[in-house]
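Undergrad: Give the three-dimensional model of this entry:
(2 chains)
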Amino acid sequence: DGGITQSPKYLFRKEGQNVTLSCEQNLNHDAMYWYRQDPGQGLRLIYYSQIVNDFQKGDIAEGYSVSREKKESFPLTVTSAQKNPTAFYLCASSIGGAEETQYFGPGTRLLVL
Amino acid sequence: RKEVEQDPGPFNVPEGATVAFNCTYSNSASQSFFWYRQDCRKEPKLLMSVYSSGNEDGRFTAQLNRASQYISLLIRDSKLSDSATYLCVVRPYSGYSTLTFGKGTMLLVSP
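TA: Numbering: from 1, shown residues only, chains lettered A, B, ... in the order given. Modelled structure (predicted):
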């Protein structure tokens, strides 16, 4: 059963803490993406990766970091430098190249304690 | 001007009604267009791609007007299950590029 999984569903962060959100896909997609969604707002791109061991900053990369060591995995770390991290975080993937249809995981809600 | 603009709604319609949403985009070189559906507190899911000649999928019809830079989504015979937020999505450039998402239009279908 192919798809994209994200964990955890809910995550709580304390002040000054780094937290890592997991994203895994078994669709054999080359490209993966991280978005942030705030209430009443559109999706904003944080980072994306077109291929293993390569990634690019999106529109709001400050305070976030990623890695892409395996094709199926694209974890996102929310660092303490991100001052307003409370949001719904969505991971997506696409076949890659000019194929731009993106498929989303179920998302992680990050809340600050 | 925002890259992708949508009326946030909500659009309140009774079951069986026909409803239409429009979305405007600012970049005339935009290449690809999509409608996604997002249920409350869930992830977006692809509803349909939008082709230059227009396309239909059951009760849903999408149209593209490049001259006026807008796309539309028509839903016929609305169902309660159509209640959701509909996201307009545009790929701005040719070759590889990321997608730009509108903020969405909320649809509420009532009995």
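
Undergrad: separation between residue B:105 and residue B:73?
TA: 8 Å (CB to CB, to the nearest Å). (C-beta placed from N, C-alpha, C; glycine too.)

Undergrad: Next, show the common contact partners of those two.
TA: The contact sets of residue B:105 and residue B:73 overlap at B:21, B:23, B:86, B:88 (CB atoms under 8 Å, 6 or more residues apart in numbering or on different chains).

Undergrad: for those residues, which one is nearest chain A?
TA: The closest of those to chain A turns out to be residue B:88 (CB to the nearest CB; 9.3 Å).

Undergrad: Quick check, pLDDT for residue 45.
TA: I'll assume chain A. pLDDT for residue A:45: 94.

Undergrad: think we crossed wires, I meant chain B
TA: 96.

Undergrad: surely it meets residue B:36?
TA: Yes. Using CB atoms under 8 Å, residue B:45 is in contact with residue B:36, at 6.3 Å.

Undergrad: Between these two, which is the more surrounded one?
TA: Between residue B:45 and residue B:36, counting by other CB atoms under 10 Å in any protein chain shown, residue B:36 is the more crowded of the two (24 against 13).

Undergrad: Which element, helix or strand, includes the more buried one?
TA: Remark: residue B:36 resides in strand B:32-38, with elements defined by DSSP states H and E.

Undergrad: so what strands line up beside whichever helix or strand comes after that strand?
TA: The helix or strand immediately downstream of strand B:32-38 is strand B:44-50, counting by DSSP H and E. Counting by DSSP bridges, the strands paired with strand B:44-50 are strand B:32-38 (antiparallel).

Undergrad: Put the alpha carbons of the partner strand into PDB.
TA: Output of strand B:32-38 as PDB, limited to C-alpha atoms (Å, rounded to 0.1, in the frame of the first residue of the first chain):
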ATOM      1  CA  SER B  32       0.200  24.100 -15.100                       C
ATOM      2  CA  PHE B  33      -2.900  24.400 -13.000                       C
ATOM      3  CA  PHE B  34      -4.600  22.200 -10.500                       C
ATOM      4  CA  TRP B  35      -7.500  22.100  -8.100                       C
ATOM      5  CA  TYR B  36      -6.900  20.400  -4.700                       C
ATOM      6  CA  ARG B  37      -9.500  19.700  -2.100                       C
ATOM      7  CA  GLN B  38      -8.600  20.000   1.600                       C
END
